[in-house]
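Asker: turn this into a structure:
(one chain, ligands or ions: 6)
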Amino acid sequence: MNESFYSFNILLYNMAARDRSIDVVIDTQEEFVPECEHGPTLMFSRFDTRTKTERRFFACSAFRDKKVCSFFKWVEDVKQNKRKQLMCNDSFPNAIYNHKAMRERFAKVKNLSCNERSLCVDCGLFLLPDEGNQHKEEKHTLRYNITDEMLSKPTELFIPFDDNKTYAQYLFTKKTVNFLLDLLVSMDITSVLCIGCPRIHEAIQNRMKEGKFSMKSLLLDLDHRYLQVFPPEQLCRYNMLNNHFFGGDIDKNTFKKFLHVNGKVAIVTDPPFGVMVDALYKTLNIVQEEWRTARGIEDTTEMPVFWFFPYFMEKRVNMSCPSYSMLDYKVDYDNHDLFRGDKGRKKGSPVRIFTNLSPKLIPLPQDDGYWYCDKCERYSAQENKHCSKCECCPTKDGSTYKHCDVCKRCVKPNRIHCSQCNICDLPEHTCGQSIKQGCHICGALDHKRRECPNKNKSTESSVIRTQKRKGCEQFSSKKKKRK
Ligand SMILES: C[S@@+](CC[C@H](N)C(=O)[O-])C[C@H]1O[C@@H](n2cnc3c(N)ncnc32)[C@H](O)[C@@H]1O
Ligand SMILES: [Zn+2]
Ligand SMILES: [Zn+2]
Ligand SMILES: [Zn+2]
Ligand SMILES: [Zn+2]
Ligand SMILES: [Zn+2]
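Answerer: Ligands and ions are numbered 1, 2, ... in the order given. Presented below is the predicted three-dimensional model:
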């Protein structure tokens, strides 16, 4: 594991305390947005809290690691007619992403006997018999004896790209997959759009092959390795942060056709935690609009969405997506110790499901201790006890929160009320240093920079709901070179 959950969490925390904060600018109103290998870039605003100045730049929407995608342009440089030189899309190795070519190779591999088949683990590529030596010379690890069973479970065969700043490939346990599929079946969902959910797609396809049920699924994912195993009607290589289809019009049509099918469609999405919430939400809204168009729906009806995201992002999600609720269900992952209920944290996984459905419609398994709270009209976790003073089931993190009569709210069990700070905090806190995250511009505690009445008028309209960008090293470490 490259980064533990805790260091990741601390990183998010530190971002708030730094002198600079990075926000995404969704409504750019720019006529020209440069593209990197991963489609149109996003515009970010970097705000220096000491000088109270803002500067804007374009950077990759998908990757937060500059070693993987180093694209960076100040907005003013882009404006100075440097457009041609920024259109670097042509130089990218499109060949390896060509779905048809990948499928043709794979068909040849499939025709081989198990002991003739091999996979280069480093390249994520199935090899033809005469290709092994080249990869061995480059000291790549090869896997042999690839059975049909293994080919039907690519999410188990490929090594997960589990770097948080790139793909953040954390895969659901069987239990989570089964819970979700049972839920979808109980809701009469017949088509599932899996955005960054390869394991759900794989499970649906395998159950279909076994004749266990009838459901369609389309996987939209950035990982090019899946282009080998899934045909074009089942997979589009896609960037969920800018709604970019790498396969162009062919893939866009596949996607439209999928939405057009009759029956109930649902979206399941499990993006990397570091994604910009506003960028993802914009994509979800575009997808909803495409679906309404495909179905000739004129009101604002939406497809059900199941969005997997950590509980500590709840406030951030609510800010951008007020119609979404967080469920108590703890989502388990195979390849992340800290997201695992069994061997992981005492409090279980921190990942939950956010949904645009009413929570009362989503029963959570009683065998795992979830119970129905009549007052909240939703299922709560075993440890989440209803508080009659707060009038809700307040627990977020897997512990049992307790009510503080002075703060007039429920707090984590390890907090005590400090009369000096007038807040519940850890017993070992230093008085006067409790985290107070006020407005960067005027310091007031009742609003953030984006709502500040003193905010520069020129940036007001375009910097809409923003999020601290995790891993802003991508930008800060390049600063010196550019100066
Ligand atoms: C946290 S994992 C979720 C996997 C899911 N838990 C499963 O078991 O199916 C994130 C997934 O999103 C994909 N991904 C990462 N960034 C993406 C992007 N910008 N656009 C589309 N997919 C992306 C990764 O390849 C990976 O499959
Ligand atoms: Zn990029
Ligand atoms: Zn290789
Ligand atoms: Zn309750
Ligand atoms: Zn309470
Ligand atoms: Zn208190």
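
Asker: for the helix ranked longest in the chain, the distance to its chain's centre please.
Answerer: The residue-count maximum for a helix in the chain (DSSP state H) belongs to helix 277-295. Here helix 277-295 is found 15 Å from its chain centre; the criterion is C-alpha atoms, centre = their mean, to the nearest Å.

Asker: buried ones in it?
Answerer: 277-284, 287-288, 290-292, 294 (16 or more other C-beta atoms under 10 Å). To be clear about C-beta, it is placed using only N, CA and C from the backbone, and glycine gets the same treatment.

Asker: what lies in contact with it?
Answerer: Identification of contacts with helix 277-295 by C-beta atoms under 8 Å, 6 or more residues apart in numbering yields 24, 26, 42, 61, 193, 195, 240-243, 255-256, 259-260, 265, 267, 269, 271, 297-298, 301-303, 305, 307, 313, 316-317, 319-321, 464-467.

Asker: do that again at 6 Å, thanks
Answerer: With contact meaning C-beta atoms under 6 Å, 6 or more residues apart in numbering, helix 277-295 is reached by 24, 26, 42, 240-241, 243, 259-260, 271, 302-303, 316, 320-321, 465, 467.

Asker: from those residues, which land in helices?
Answerer: The helices, defined by DSSP H, take in L259, H260, R316, S320 from the contacts of helix 277-295.

Asker: these also near ligand 2: which ones?
Answerer: Checking the ones in helices among the contacts of helix 277-295 against ligand 2 by C-beta under 5 Å from the ion, not one of them is in range.

Asker: ok, so of those residues, who is nearest ligand 3?
Answerer: Lowest distance from ligand 3 to the ones in helices among the contacts of helix 277-295 (C-beta to the ion) belongs to L259, with 36.7 Å.

Asker: contacting residues around the closest one?
Answerer: L259 sits next to E290, W291, A294 when contact means C-beta under 6 Å, 6+ apart.

Asker: let's see it at 7 Å
Answerer: The contact partners of L259, taken as C-beta atoms under 7 Å, 6 or more residues apart in numbering, are V265, E290, W291, A294.

Asker: likewise for D223?
Answerer: By C-beta under 7 Å, 6+ apart, the contact list for D223 reads F161, Y167.

Asker: pLDDT at it, what is it?
Answerer: D223 is assigned a pLDDT of 93 by the prediction.

Asker: equivalent analysis for A266, please.
Answerer: On pLDDT, A266 comes in at 98.

Asker: dihedrals phi and psi, it?
Answerer: Per-residue torsions, A266: phi -130, psi 150 (degrees, to the nearest 10).

Asker: so what pairs up with it in the strands?
Answerer: Note on A266: beta-bridge partners V192, judged by DSSP bridges.

Asker: I'd guessed it sits against I189; true?
Answerer: Yes. The criterion here is C-beta atoms under 7 Å, and A266 meets it with I189 at 4.6 Å.

Asker: residues contacting stretch 178-187, please?
Answerer: The contact list for stretch 178-187, computed with C-beta under 7 Å, 6+ apart, reads V192, I200, A203, F213, A266, V268, F306, I362, P365.

Asker: OK, contacts around the single nearest residue of the chain relative to ligand 1?
Answerer: The nearest approach of the chain to ligand 1 comes at G196, 2.7 Å away (C-beta to the nearest ligand atom). Applying C-beta under 7 Å, 6+ apart to G196 gives the contacts D221, M240, T269, D270, P271.

Asker: so which of the residues you listed is the closest to H38?
Answerer: M240 (10.6 Å; C-beta to C-beta).

Asker: on that earlier part again, and ligand 1, is the longest helix of the chain touching that?
Answerer: No. Helix 277-295 stays clear of ligand 1 (C-beta under 6 Å from any ligand atom), getting no nearer than 8.6 Å.
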